[in-house]
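[1] missing the sequence, but the structure's below:
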């Protein structure tokens, strides 16, 4: 760590009933790189303070609102000032919070999907560039070492020219109308005003990001069959899509939150003219590669034969499974070290620059809207997109 | 076996270079139910006779052409007469052969897809009904015990109301232009005149049949992205489809013959409101069933707790793997026993009636044309269909 | 097939309630190489004839006893004479039957364990050599293509020098006192007089044979903990053993028939100084090979990169699973083609000579006795052994 | 957390080149329960200080030696005093360090095997009891939620009476003479003076602990074949054992560090009269349970149907894999919360008391010596043992 100290960060969101806030906190602590120092954890001030107490924070740095937080934190002297802010609120709040903190020059870690509207996403791209802040988007799955190995194999040409991408992210937790039972998680994720989109935004965007990250392909056209399977729900909860990539490759994507028994089953397969790869979140420490003319190969995390990016993202010897929090921590690690390098006036390690950015966020928002539009209009829609600053 | 003897059957196709002919012969012999007695194995007369010699057949019952075969075999006395004919030629020959033999009252086992045109398929449905012949279509995968278990679970309501069907059949053997290298198998399967359709006909039709067999759902609408991935090929070799079923369930289907490293990977997942099932051809003796609220269950072939249809299709104790030939033999067994019962003037065992029929063949041909049309016209097409006699 | 006809074979054992007789009949028919022509299927004459009728045999060649069978069949003219006899009785009957048929020059296919006593086993080795008969022993698992691939890899030095062998064969079907419930299978297999040994003889001998076949190692010393887990049972039903091989390799073997939920789980792992292999009967079409310094490799049945012996034992394209009957048929195929070559006065194809022999049978019987002795005497026993004619 | 603050802990060991020290630090930080405050990280003072700097510790609390550390830390006022000390040195140092800190009343977290000699182990048991300190031993694998579920199923009688235990822990990292290449890890682990025992101590003790934890069975007798496979090595690197448990159950255990391609493959299977369970470290979020008469069941981490101990050890929703660090953190969490409760004068939550103790450490040391003795003397040795205070 260039700075010789842990980075200080604040959190917006992550109060009682939240899931992902605790994940961010563990990810930040995982490798001892950053320390939670301030927060506005809930729109209910008392809940914000309760969370602050549970997290043993200095009460002076726990706030009623993010507006209060940004104002007061921006006024602190450099030696107390936060290095970055993690935004883990429901989707519709990402934009105003990110905007406010970027304006004061704080670096940002932000949950996906980045914003509800493409306009907002593009605004964040521009603002981050103008203010020179680091913007990291938590598409967690790209933090897995074997996902990075997959990308490295594609980049090295091991698969030849890519022909087909099959990706799916399936869950079952919304198979019933959970949002009517008091589940905060289900409530905001199925509220169009708060989430923007349902399954497509929440997990379809992960699938799209993963496919792009590994394959390096740019979407060109997209067709979607978008459903709301659970009666009474107001948002999409299931979709299957057909994908056409620049260069001629094709793909298919399924995302669903209503498939009983599915538990966060993200799987990506990429097929090329010479080889194919297969990665599954259920068995994340392995990556299977198939060829036409020789035995199937399985790359295993933690081995010296892996690509530098895969080794960089790994912290345990082979055979000791790393999981979701490890991937999240790898992502955080890259973002935090990049922020620290910037703060120290140094050039970041290129291996650390391997994390999703505001541009990836805008690409994700564009994808979500394209998918919803394709489903609504029952036609192929243009899915090609270049975000500001890309 | 009602007749107290093996059934006699003839074969059309299955000469040198063929794959599926030998599979049919093994399937027929597997349980000792039928004996190959006659054949026209190739359009090259000398090859037909060569195969006859290799199979140790009586030379008098090996023919230059199927026309000769039908004429001469039809004239034999009952005690020598064939009970049925297996048609294992390239697709475009199925119709004339089936027609000729049905006209003389022979029962039929026929490869899929049943015909090239829907008109021909419907004609066979009607002819078979008129002549009272048993018509069995070899959608092999429905012969697997655990596929039958899957169907039984759906029928018993274990999954609740079905919401989503995900099915795929992927291969890689046509990832290069194999048809230019002298492969007979590749040659006719990629010749539009001989095959009718490519991947959609050859394996997409299996996927569709399997999904229908297990889920019991009727397709209503279909959208397809159909590709020819290998430059210079004249037929579809890759497709992904979106499916809409009567009653509101949705689905996605991928079939491809150009995905390097894939080896006959047929997988079916069916998701309902209460449970879901998952069967894969790579591990066919297992069937996984998932529920929202209790541990995952895996049904294993050969166990007393299985449904009657699953036990009926199985011949080995649990733990001794049964494979593709076992499934094929189960299919043949049901067809042959049904033919024998008919010949003996008895009612077939209901468990034996569980095999694909001419009506399933017509459904398959309708599906193939619907998929090709959807791909061509880039629109949802009507995929609902009731074949004659259904 | 050198002879231009199917071989004729007779069967001793395999009547009502038998399991393995039907497996042998399927295996013999699988590739169309041999035809069941005669039999003495049961010690109950009426059951023998009933089975003969069910199998549609000529009643003149179905016998009350094997003694009658050998006498009458030996007197038939060459064009009707059996080429070989398959012995599928309970263990204690193998010897007298084999002896009687070998004396008349019939080739033999015999179930394992070959005999109850080592003396008998050695007598069969000598008699078969003296009479020049082919003697094939059905250690089924060596018929699997991927087991042959495993052996080929060891022979090619891919694993380096072998250090450790871990093998286990576990079942659960005798977890309760099934022999008291009328199960014929359980009855004779748990009767010391009929079976000779229990789990060690029935499946431990398979494990030992498989380990030796693949590793090429000779056992030197053996230690065993032998149990009878089910109260009241009169024979071993569970054992774990420690193995020491010539050259210094070590091993461990577990065989058990009382492990609830186990279904014929034979697994072999062989570890060398450079690599290791892992094969499991539950997934028999795959063979995993691991190295210290590169990705895990999985060899898949049916691929051109496999060793000749593995390709020779396989009959379906990759991806169409072959199972237990395929392995059994591969074994039978090799034996039958070897018999046919001998009958035709030709040298057998070296690939066909790859099957277990009487010498392997004697090795198995020696192993069984060594294991029982080690268990009884609680000491390392000498397990090295060279059978007559080896 | 009863104390309303993070616990303060010190570390002995864990300097440059160490592996497990960093694991302990991550485990302690994982759930935000404890904070590293002091340390003597290496016997090389400069390395100790270097590690202290890297960990951003107060230089005043980084020591040259553990003796200095215990003396100075013991003198600090309560509000600065360490709550516990983590001992992560090579094995032979555990005892003097633990002794010294226990004498001053510090709670202890200690790596396994607890000591080199049984005498020392028993002394620690007594001292910990006398001084009233909490002593947690890091048999990591018992921290996995699905291992806890396994134990709960056994305790609930789901398996019936246990008959057989099969456990193995296999690695390949010492397949060559790595200790000659400068690897610190390899060096001390293969030095009899520093490690006490080799594979048996390092991983065999984990296997034994896991089997005991889940099965609840007490070892009675043990037989072992102990090897040193790598020429020139001075310590055991491979062993297979036969186990006899009180009550009549049998078992087999293999531990090895020279099996090429193995990567920390700990697998436990427990078979009872009614059911059996199967857990593998390579897929730790699943637990398979088999019964005689119904489908196989797979319990998945994170689900509401799990036992309280399994849920208590888990922190992510189902489908987000938890790995080795999660298990380690669960272990730490229980220990730390127990220490905190004691410090607060409260009774610990019974769920928190579920961690390995000094008594478990003594049991492990007894096991190690019994195994080495059995191997040396080639006889069954008495493995029953009751540690002081158990």
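    It's in. Computed from a predicted model, the values in this text were never measured in an experiment.
[2] separation between residue A:144 and residue C:381?
    51 Å (C-beta to C-beta, to the nearest Å). For every residue, glycine as well, the C-beta is placed using N, CA and C.
[3] To clarify, my last question referred to residue A:156.
    From residue A:156 over to residue C:381 (counting by C-beta to C-beta), the distance is 55 Å.
[4] Between residue A:144 and residue C:381, tell me which one has more neighbours.
    More neighbours surround residue A:144 than the other of residue A:144 and residue C:381, with 30 against 17 (other C-beta atoms under 10 Å in any protein chain shown).
[5] who are the neighbours in contact with the more buried one?
    A:279, A:281, A:284, A:313, A:322, A:326, A:327, A:330 (C-beta atoms under 8 Å, 6 or more residues apart in numbering or on different chains).
[6] Then residue A:160?
    A:272, A:273, A:274, A:275, B:260.
[7] What backbone torsions are found at the second one?
    Backbone geometry at residue A:273, expressed as degrees, to the nearest 10, gives phi -70, psi -20.
[8] Kindly report the same for the fourth one.
    Here the main-chain torsion angles of residue A:275 (degrees, to the nearest 10) amount to phi -160, psi 180.
[9] burial measure for it, as a count.
    The burial count for residue A:275: 22, using other C-beta under 10 Å.
[10] what does the host helix or strand of residue A:278 rub up against?
    For residue A:278, the host element (DSSP states H and E) is strand A:275-280. By C-beta under 8 Å, 6+ apart, the residues outside strand A:275-280 that reach it are A:144, A:146-147, A:150, A:153-154, A:158-160, A:214, A:265-270, A:286-292, B:172, B:259-262.
[11] Looking at the contacts of residue A:144, which is nearest chain D?
    Within these, proximity to chain D (C-beta to the nearest C-beta) peaks at residue A:322, which comes in at 4.7 Å.
[12] Residue C:335 versus the residue nearest to the closest one when sequence neighbours are not counted, what's the distance?
    Spatial nearest neighbour of residue A:322, chain neighbours left out: residue D:323 (4.7 Å); criterion: C-beta to C-beta, 6 or more residues apart in numbering or on different chains. Shown here: residue D:323 relative to residue C:335, a distance of 50 Å by C-beta to C-beta.
[13] Between those two, point out the one with more neighbours.
    Higher neighbour count among residue D:323 and residue C:335: residue C:335, with 33 against 23, using other C-beta under 10 Å.
[14] after the strand holding residue A:278 comes which helix or strand?
    From strand A:275-280, the next helix or strand downstream (DSSP H and E) is strand A:286-291.
[15] what sits against the residue nearest the centre of chain A?
    With distances taken as C-alpha atoms, centre = their mean, the residue of chain A nearest its centroid is residue A:139 (1.7 Å). Residues in contact with residue A:139, defined by C-beta under 8 Å, 6+ apart, are A:112, A:205, A:206, A:209, A:210, A:213, A:331, A:356, A:360, A:364.
[16] quick one, helices of chain A?
    In chain A, the helices defined using DSSP state H lie at A:20-30, A:45-54, A:66-74, A:91-103, A:118-131, A:145-155, A:184-189, A:192-195, A:199, A:205-215, A:308-312, A:324-343, A:358-377.
[17] Can you say which of these is packed in most?
    helix A:199 (a mean of 31; mean count of other C-beta atoms under 10 Å in any protein chain shown).
[18] And chain D, is that helix touching that?
    No: shown here: helix A:199 not in contact with chain D (C-beta under 8 Å from any C-beta of the partner chain), separated by at least 14.8 Å.
[19] Spell out which residues of the stretch 251-390 of chain A are next to chain B.
    A:251-252, A:254, A:256, A:258-262, A:271-276, A:289-292, A:296, A:378-380.
[20] what's the closest non-adjacent residue to residue A:128?
    residue A:135 (4.3 Å).
[21] Same question for residue A:137.
    Counting by C-beta to C-beta, 6+ apart, the residue nearest residue A:137 is residue A:356, at 4.1 Å.
[22] Now do the same contact list for that neighbour.
    A:112, A:136, A:137, A:138, A:139, A:142, A:209, A:213, A:331.
[23] and of those, the nearest to residue A:242?
    residue A:209 (18.1 Å; C-beta to C-beta).
[24] For residue A:385, see how far away that closest one is.
    Residue A:209 is 13 Å from residue A:385, by C-beta to C-beta.
[25] show me what contacts the residue in chain A sticking out farthest from the centre?
    Of all residues in chain A, residue A:293 has its C-alpha farthest from the mean position, at 36.1 Å, by C-alpha atoms, centre = their mean. For residue A:293, the contact set (C-beta under 8 Å, 6+ apart) comprises C:304, C:305.
[26] how about 10 Å then?
    Residues near residue A:293 by C-beta atoms under 10 Å, 6 or more residues apart in numbering or on different chains: A:274, A:275, B:260, B:261, C:303, C:304, C:305.
[27] Roughly how far does the second one sit from chain C?
    So that's residue A:275. As judged by C-beta to the nearest C-beta, to the nearest Å, residue A:275 and chain C stand 12 Å apart.
[28] residues from the stretch 51-200 of chain A in reach of chain B?
    A:159, A:160, A:163, A:164, A:166, A:168, A:170, A:172, A:173, A:175, A:176 (C-beta under 10 Å from any C-beta of the partner chain).
[29] Just the buried subset of these, please.
    Among these, those that count as buried by neighbour count (16 or more other C-beta atoms under 10 Å in any protein chain shown) are A:159, A:160, A:163, A:164, A:166, A:168, A:170, A:172, A:173, A:175.
[30] Give me the subset of the residues you listed that lies in strands.
    A:163, A:164, A:166, A:168, A:170 (DSSP state E).
[31] okay if I get the contacts of residue A:160 as JSON lines plus pLDDT?
    Shown next, in JSON lines, are the contacts of residue A:160 (pLDDT from 0 to 100):
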{"residue": "A:272", "pLDDT": "98"}
{"residue": "A:273", "pLDDT": "98"}
{"residue": "A:274", "pLDDT": "98"}
{"residue": "A:275", "pLDDT": "98"}
{"residue": "B:260", "pLDDT": "98"}
